[in-house]
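Peer 1: no FASTA, just this:
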């Protein structure tokens, strides 16, 4: 008797799980169908905006970026200027090093000639 009741409960549980699975699949299918449909929205300023369900929740970008973005852009520009200045300094140092080496070579040659 207990075995029969357990089998019945197991079958009912299996049926319930299958129904839940089918309901979930149906819901997903409906959502995909809704995403595929486009609709038109007409603004009061006579602009036509194409709005799809994929775009829901996305904000339209403002014409001017936020202040933190402007600050970051300014910082990047300043860093680029500093980087270029440092590169010029490195080039000058490399040239000065070559000049120093050639002068030292002349001095060593001069010193080695005199006994």
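Peer 2: Everything's here; your move. Quantities reported herein were computed from a predicted structural model and do not represent experimental measurements. Numbers count the residues shown, from 1 in each chain.

Peer 1: by mean pLDDT, flag the weakest helix or strand of this structure.
Peer 2: Taking mean pLDDT, DSSP states H and E as the measure, the chain has strand 38-42 as its least confident helix or strand, at a mean of 51.

Peer 1: now the phi/psi pair for residue 66, please.
Peer 2: The phi/psi pair for residue 66 (degrees, to the nearest 10) reads phi -60, psi 160.

Peer 1: repeat for residue 6
Peer 2: Comment: the main-chain dihedrals of residue 6 come out as phi -70, psi -40, following degrees, to the nearest 10.

Peer 1: with the one 3 residues further on instead?
Peer 2: Dihedral pair for residue 9: phi -60, psi -40, per degrees, to the nearest 10.

Peer 1: please tell me how far it sits from residue 16.
Peer 2: If you measure residue 9 against residue 16 using Cβ to Cβ, to the nearest Å, the figure is 10 Å. Every C-beta, even on glycine, is put in place using the N, C-alpha and C of the backbone.

Peer 1: likewise residue 30?
Peer 2: Where residue 16 is concerned, residue 30 sits at a distance of 21 Å (Cβ to Cβ).
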